[in-house]
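**Student:** let me see the structure of the following:
(4 chains)
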2 protein chains.
Amino acid sequence: MPRAQREEQILRIAEEVFAERGFQATTMEDIAERVGVTKPLIYEYFGSKEGLLSACITRARTQLRVATEAAWQGVGAEAPLEVVFRAGVRAFFEFIEEHANAFVLIQQEGAVASQASPLIESIREQQSAATMATFRKAPALAEVPDRLLEGYVEVIIGACERVAVWRTRRPGVSTQEATDIVVSTVWAGLDALLPG
Amino acid sequence: MPRAQREEQILRIAEEVFAERGFQATTMEDIAERVGVTKPLIYEYFGSKEGLLSACITRARTQLRVATEAAWQGVGAEAPLEVVFRAGVRAFFEFIEEHANAFVLIQQEGAVASQASPLIESIREQQSAATMATFRKAPALAEVPDRLLEGYVEVIIGACERVAVWRTRRPGVSTQEATDIVVSTVWAGLDALLPG
DNA sequence: GGCGTCAACTTACCATCAGTAAGTTCGGTC
DNA sequence: GACCGAACTTACTGATGGTAAGTTGACGCC
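**Tutor:** Model prediction:
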C-alpha cells in the first residue's frame, strides 16, 4: 500500500483506538494489529507514540478549520454580524456531532503527552484567531479595543467547548438548541459593544 | 514521619513535578527522590501513578470548592444576583492566580490517565452544580426551565476556564478585568431571562 | 527490661511496552 | 536480469510502572 494511503488509514484507526481506550492504555501494537501491520512501520511514519497522537490532533484541527471556513463562506461576507457569528457556532456543534471520535480524543487526552497539550490548545487558538479575524472585519466593532475583543472571543470559545461537553451528557439537546444557548447568552454582551 | 503528614508532602511535591514536566514525563522515582523516600512507599500510600495524580486533582478540587463557598458566604445570601455571580467568578480567578501549579496540572493533564479525565471533569461539574444551586435560590430565575439554565451555567464555566487560560498568555490582564469580561459578556444574556 | 507488634520504610526484583537495528520482500526501471 | 528504493518484518534493548519480601524502630505491655 502506498505511504500516503497507509498513513491516512493509521490515523483513522489510531483516532478510534485512542478515543476508545485512552492514550496511555493504548499500545502501539494494539494499533498496528488493527491496521494489519507491525509496530516499526508506524514508528517509521510517525516517529513516536506522541507523534502519532499529534498527527491525529493536527488532522482534526484541519478538519475543523475547513468546516468553519465553509460555514462562513456559505453565509456570505456581507451578512449581519449576528448571522455570521451564529453560522460559526453552529458549524462547530455540527462538526462535533460528526466527529465524535476526534472530540472524545481531544476531550480525554487533554495532555497525556507534552506535545499534545499545546496542540489541542492550538485548536482553540485557531478558532479564536479565525473568530477575531471575522469580528475585526465588522465595521460595527471597529472601535472596540483589541484586548477586550480578545477576551470576548475567549468567552465564546470556552462556552462552545463546554456546551459541547454538556451535550454529551444531555443527548436530547439538538445542535440548534446548543447554538441558541451560546448565541443568546453571548450575543447580548457583544451587542452592548456595538455603537447605539 | 507520620502517614498523614508524609501524604500531604508527597501530594505537594507531586503536583509541582507533574506541573513542571507533565504526567508522562514524570517518573515515580523523580517524585520519590525529591520527597526523600523510595518508590514503594508512594505505591503503598497512593496505589499507582494514576492514583497519585487523582489524589492531586481531588485535593485541588476541594481547595477550589472551599474558596468559592467562602466568596459566596462573604457576600451574603441576600445580595442581588449579579453581585453573587460576580463574587463567584472573581473567586475563581483569584484561586487560579494563587494555585498556578494546580491549574497548569489540570490544564496540561486533561487526561493522561483514564482516571484523571473524569476527575478533572468533576471539578467543572462541581462548579456547575454549585452555580446552579446559587441561581436556583434566586427568585428572579424561578421560572427559567432547568435545561436552559444548565446550558447558561455551562457557558459560564467554559468562559471562566478559557479566559483563565488566555490570561496566562496575557499577563497584563488583572483578575478584576478578567472578572469584568466574563460578567459583562454573560450577564446581559442572563439578565434577559429575568422577568421585566 | 525484654517481647510483641504495627507503621514506616527499603532492597531487589519482574513484566510490559516504547523504541531500534538489521534485515527481507517486491515492484518498477534501465 | 541486475539494481534500487519503498514498504514492511523479525528480533532485540532499556526504561519504568509495579510488587514481594524483608528491615528498622517506636511504643505499649507484662
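**Student:** please report phi then psi for A:Gly76.
**Tutor:** When quoted as degrees, to the nearest 10, the phi and psi of A:Gly76 stand at phi 90, psi 150.
**Student:** burial of it, as a residue count?
**Tutor:** Neighbours of A:Gly76 under the rule other C-beta atoms under 10 Å in any protein chain shown: 10. Backbone N, C-alpha and C define where each C-beta goes, glycine included.
**Student:** do you know how far it is from DNA strand D?
**Tutor:** A:Gly76 sits 42 Å away from DNA strand D, taking C-beta to the nearest atom of the strand, to the nearest Å as the criterion.
**Student:** how about A:Arg147?
**Tutor:** When C-beta to the nearest atom of the strand is the yardstick, A:Arg147 and DNA strand D sit 41 Å from each other.
**Student:** now A:Phe135
**Tutor:** A:Phe135 sits 44 Å away from DNA strand D when distances are taken as C-beta to the nearest atom of the strand.
**Student:** and if you look at A:Gln176?
**Tutor:** When distance is defined by C-beta to the nearest atom of the strand, A:Gln176 is 43 Å away from DNA strand D.
**Student:** residues contacting that residue?
**Tutor:** A:Arg90 (C-beta atoms under 8 Å, 6 or more residues apart in numbering or on different chains).
**Student:** recalculate using a threshold of 6 Å.
**Tutor:** Contacts for A:Gln176 were tallied using C-beta atoms under 6 Å, 6 or more residues apart in numbering or on different chains; there are none.
**Student:** select the longest helix from chain A.
**Tutor:** When chain A is scanned for its longest helix (criterion: DSSP state H), the result is helix A:49-75.
**Student:** taking helix A:49-75 as reference, get the angle to the worst-scoring helix or strand of chain A on mean pLDDT.
**Tutor:** The helix or strand of chain A with the lowest confidence, counting by mean pLDDT, DSSP states H and E, is helix A:100-108 at a mean of 82. The directions of helix A:100-108 and helix A:49-75 differ by 120 degrees, with axes from the mean of the first three to the mean of the last three C-alpha atoms, to 10 degrees as the criterion.
**Student:** helix A:100-108 packs against which elements?
**Tutor:** Here helix A:100-108 touches helix A:3-21, going by 3 or more C-beta pairs under 6 Å, 6 or more residues apart in numbering or on different chains; DSSP states H and E.
**Student:** so after the helix it packs on, what's the next helix or strand?
**Tutor:** Under the assignment DSSP states H and E, the closest C-terminal helix or strand after helix A:3-21 is helix A:28-35.
**Student:** quick check: mean pLDDT across the next helix or strand after that following helix?
**Tutor:** Sequence-wise, the next helix or strand beyond helix A:28-35 is helix A:39-46, with elements assigned using DSSP H and E. Helix A:39-46 shows a mean pLDDT of 95 in the predicted model.
**Student:** cool, and stretch A:120-139?
**Tutor:** The average of the pLDDT scores along stretch A:120-139 is 93.
**Student:** quick one: that stretch to chain centroid distance?
**Tutor:** Here the centre of mass of C-alpha atoms in stretch A:120-139, compared against the chain's by C-alpha atoms, centre = their mean, to the nearest Å, lies 12 Å away.
**Student:** ok, stretch A:66-81 next?
**Tutor:** Per C-alpha atoms, centre = their mean, the displacement of stretch A:66-81 from the mean C-alpha position of its chain is 17 Å.
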